[in-house]
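Engineer: next comes the sequence, and after it the predicted model I'd like to discuss.
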Amino acid sequence: MKTIDSALEKIFRLARGVQCEVLAETKNSALTRFADNVISQNVAVTSTDFSVRLSDNGRTAKVNLNQASPETLKHAITTGLETLRRQKKDPRLQPLPKPRPLPAAAPVYFSETAGITPAYRAQKVRELALACKKSRQTAYGTFETGSNELCLANNLGVFARHLESSAVYSATVRDKDGLGWAEYPAFDVNAIPFRELNARARAKAYASRAPRELKPGKYTVILEPQAAADLLAYLTIYGFGGQFYNEGQSFACGNLGKQLFSPLLSIEDNALCGASAGLPFDYEGQPRQKVALVERGIVKGVVHDRRTARAAKTASTGHALPQPGSMGPLPLNVAVKPGGGSLGDLIKGAGRAILVTQFHYTNLLKPHNVEMTGMTRNGTFLVENGKIAFPVKNMRFTQSAVEAFNRVEAVGGVAEPCVVWGRISCPAMRLGGFNFSSSTKF
Amino acid sequence: MFKLGQKAIEIARHYRVDFADIRIIEERRQGLGVKNAAISSLYDQTTLGYGVRVLYRGAWGFAACDRMTPAEVQKTALRAIAIAKASRLLMSTPVRLAQESSYSDFWQTPFLKDPFAVAAEKKLELLFAVDGVLRRNRKIKSAEANMRFIREHQWHLTTEGSRIEQVLLSTGAGYSATAVENGEVQVRSYPSTHGGQTLGGGYELIETLNLLENAERVREEAVALLSAPQCPQGEKDLIIGGNQLALQIHESVGHPSELDRVLGYEESYAGSSFATTEKLGVFRYGSPLVNLVADATLPGGLATAGYDDDAVKAQRWHIVKEGVLSGYMTNREFCGVIGETRSKGSCRADGYANIPITRICNLSLMPGTTPFERLLGETRDGVLMDNNKSWSIDQRRLNFQFGCEAAWLVKNGKKKNLVKNPTYQGITPKFWNSCDAIADHSAWRLWGVANCGKGQPGQTAMMCHGSSPARFRKVKIGISG
């Protein structure tokens, strides 16, 4: 902390005469990785990075560094100022922002989680590995813990600081030709239900043995939370970012206030509280706002930073990424409103459907309708007459996410925390008419 | 730097570790971007730090830090040992590394012009000029041009006595134009997608790319795609050019040949591989025309260096020889599993803060003997696809689907009209076995992949894939939702 404060003071002194913004990030993270029932990698890193943005009357430049000695800082800022002075002016470039009151952050720092030892991680991983060995299964996965402190300040008075801890436990289990998976990201390690996750991954691996091939075509799908979150990540990034909207690349363009999705679907971006909480300010130190993206299937809004807001003649919602940038503002704290019932209820309510645990290697084909492709992974099953009938070989989908979320038949009652780029709090869902374009050999 | 690094080696020796190394990395990056007439990126970045890797009684530990004092190096080395001790709580057979000589050497990427010595305003001037040409049509809603330069200075010391200093330099540039009309979005890029072309070398690369000269064509192709017909559906002969074939090589040969994932060490994240070890030397991966060579000595390659991050000297070897699976990307930990006594030297780390892992080396499809014009002329009913737009492949690297920016129908040996949203699907060995022609050396180009993700924590690596356009028979094309 002392190092950051002292570095900020020095940087602002060196950058006197121009506007200056500093983003300082201190990371302490450790990850234990396991495969074949043994620890295969075990790593830890400590780092502090500074990113300094200089701005002067329509000119901008940035220097990034991780050493804060007086000589290094002087060299870096001098280089940045030199680059700044040689530029042509861009009259559209906004000056740095002035301070605005910031909302309080949700409780996201837990010292016990930040201080977890390699021995603790090894012990947790060992529990799964030993259980797997006993039942002739094989465990793979990761257990990552750490903390991150972010400080953003400018010489116009903006000063914002955020500290959060994190723990992510991910278990993959192989049982002959079956695979199962479960994962849980949390701020507090005590929130992770290790035993339940281990049991889920092991049971799914057992149940997915000897999969049968299913013909590609349109099926009703039951997407477990991670699978649904994967599609939602693309939908929200390409649909609700202010820059994509301004450029006409988003499906939301011309459709604000219109019903594009199932009335069962409501989505918001909310960094301030709830399961997808996180940084309460954006990367210009502006307060994040809760933004309704979809309400009962109606497109309600997009997220903006100061630049895209000005172009759209509206106000920033506090979603700037580090500036300058090419993607524009994005919703990275997405929460889907839960419906009712359990995953079991979604299965019971289906006639013939495919149950998907997780997708693999998803990618975008067409941005405007968010047409995507990807494979199923780690447990895919055919559901018949409300019951899981048998495991099926993995399948490739080629499907527009906009159309898919227009055909939501049911939303589960429990949202689970997922991480796909940003945080997504997402329940399981059942969707009709989902297009699988081919299958694979396992 | 070697003196600072020696502290970690002393600590490791004191604790009688099996093996330890320290990699001190000073990295300088510069990125410049112009989007829609405004600067979208202009940064100069310098980072310095080190990673200490320890093999203690057969178990790994790794710790990285950016505090550059002997006391902090000592602390970090002790932390790596403590982590390795924790790894011993869940281990089976102790890890043993393949033998390698120790080296004292200096190696540097050859270059003509230091990109960091070229003024930022000169670079921006070119990017603004490209941006201006790209936006000379109202249907272009987004134009983006960028350059990036990376210089990585490494000092690598091992307990075996290696002292290797390397300076790796890469240069990249490219642009894209996105045309939008009535809900249709189409993009064209140059020289390739995903940020453009990146190769090992200096600013001279930028001067050979003819960036400005191609901007008008790229703009007009992006606009033309808006009104072009859809790519037809069905099975057709497919000619793949541009960086698309490079990505095909990357995803369906490069990753499946990484021995760590073959052995299951990536199962939890990136997946495993269908190219399992019993197939080595016998499995028909592709047609007899198909020769794929890994090469860490390739001039201009992004994975070209004197040594890898296991301190193994650069090598060249076949992955697929005359269609048969003939080798893997290996490191010192796993090469013994396939009976090799020496690693091929394909182990690399992303910066100072990551542990070295098995990586795709430069991997190239050797040119055939058919001039490209003849290959095209002999195609009766096909499609020519260019420049990757989307990619996806299953976790064993079998079922893939690629989307390209643009395609042209080929009828009776002639390149005909432009079609949009081209995609194709396949199963890896079936696809490579359908290869019946590879254009000759005159069409062979090296393509950079500057964003290859792997590992947990996630690491990015760079490598190149050389190829000339190739033809694949009866491929499923035109898949849509």
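Structural biologist: Received it, and whenever you're ready, just let me know what you need.
Engineer: C-alpha from now on. contacts and neighbour counts both.
Structural biologist: OK.
Engineer: for the stretch 251-400 of chain B, what lies in contact range of chain A?
Structural biologist: Residues of the stretch 251-400 of chain B found near chain A, taking C-alpha under 8 Å from any C-alpha of the partner chain as the criterion, are B:264-269, B:353-355, B:389-395, B:398-399.
Engineer: no wait, the stretch 101-250 of chain B
Structural biologist: B:120, B:121, B:141, B:142, B:180, B:183, B:184, B:185.
Engineer: of those residues, grab the buried ones for PyMOL.
Structural biologist: Restricted to buried positions by 16 or more other C-alpha atoms under 10 Å in any protein chain shown, the PyMOL selection for these reads:
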select buried, chain B and resi 120+141+142+180+183+184+185
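Engineer: restricted to strands, list the residues of the stretch 101-250 of chain B next to chain A.
Structural biologist: Of the positions in these, B:141, B:142, B:180, B:184, B:185 sit in strands, assigned by DSSP state E.
Engineer: average model confidence for the helix or strand harbouring residue A:83?
Structural biologist: Take DSSP states H and E as the rule and residue A:83 turns out to sit in helix A:70-85. Mean per-residue pLDDT for helix A:70-85: 94.
Engineer: can you spell out which helices and strands pack onto the helix or strand following that helix?
Structural biologist: Counting by DSSP H and E, the next helix or strand C-terminal to helix A:70-85 is helix A:111-114. Packed against helix A:111-114, as judged by 3 or more C-alpha pairs under 8 Å, 6 or more residues apart in numbering or on different chains; DSSP states H and E, are the following elements: strand A:138-154, strand A:159-175.
Engineer: what about the strands in the stretch 251-400 of chain B?
Structural biologist: B:292-295, B:316-321, B:324-325, B:347-348, B:357-358, B:363-365, B:381-393, B:399-411 (DSSP state E, counting those that start in this stretch).
Engineer: go on, the stretch 251-400 of chain A?
Structural biologist: A:267-269, A:291-295, A:298-299, A:333-336, A:352-366, A:371-384, A:387-391, A:395-400.
Engineer: how is the chain partitioned into domains?
Structural biologist: As the question left the chain open, I've gone with chain A. A:2-196, A:210-232+A:338-439 (automatic domain parsing).
Engineer: meant chain B, my bad for not saying
Structural biologist: B:2-227, B:234-477.
Engineer: got those as a markdown table, with distance to residue A:435 columns?
Structural biologist: Output for the domains of chain B, formatted as a markdown table (distance: least, C-alpha to C-alpha, whole Å):
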| stretch | distance to residue A:435 |
| --- | --- |
| domain B:2-227 | 21 |
| domain B:234-477 | 14 |
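Engineer: dump the ones you listed to TSV, plus mean pLDDT.
Structural biologist: Converted to TSV, the domains of chain B look like this (pLDDT from 0 to 100):
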stretch	mean pLDDT
domain B:2-227	97
domain B:234-477	97
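Engineer: any idea which of the ones you listed gets closest to residue A:6?
Structural biologist: domain B:2-227 (15.9 Å; C-alpha to C-alpha).
Engineer: end to end, how far does that closest one reach?
Structural biologist: Domain B:2-227 has its terminal residues 60 Å apart, counting by C-alpha to C-alpha, to the nearest Å.
Engineer: ok now it, how far from the chain's centre?
Structural biologist: Its chain's average C-alpha position is 11 Å from that of domain B:2-227, according to C-alpha atoms, centre = their mean, to the nearest Å.
Engineer: for stretch A:122-139, same thing?
Structural biologist: Put simply, stretch A:122-139 sits 28 Å off its chain's centre (C-alpha atoms, centre = their mean).
Engineer: what's the answer for stretch B:404-419, then?
Structural biologist: So, by C-alpha atoms, centre = their mean, the centroid of stretch B:404-419 is 28 Å from its chain's centroid.
Engineer: circling back to that earlier point, in the ones in strands among the residues of the stretch 101-250 of chain B next to chain A, find the pair that's most separated.
Structural biologist: B:142 and B:184 (13.3 Å).
Engineer: in stretch A:179-196, what counts as buried?
Structural biologist: Buried-residue list, stretch A:179-196, by 16+ other C-alpha under 10 Å: A:179-189, A:192, A:194.
Engineer: which among the residues you listed gets closest to chain B?
Structural biologist: residue A:181 (8.5 Å; C-alpha to the nearest C-alpha).
Engineer: residue A:228 versus the closest one, what's the distance?
Structural biologist: Residue A:181 is 15 Å from residue A:228, by C-alpha to C-alpha.
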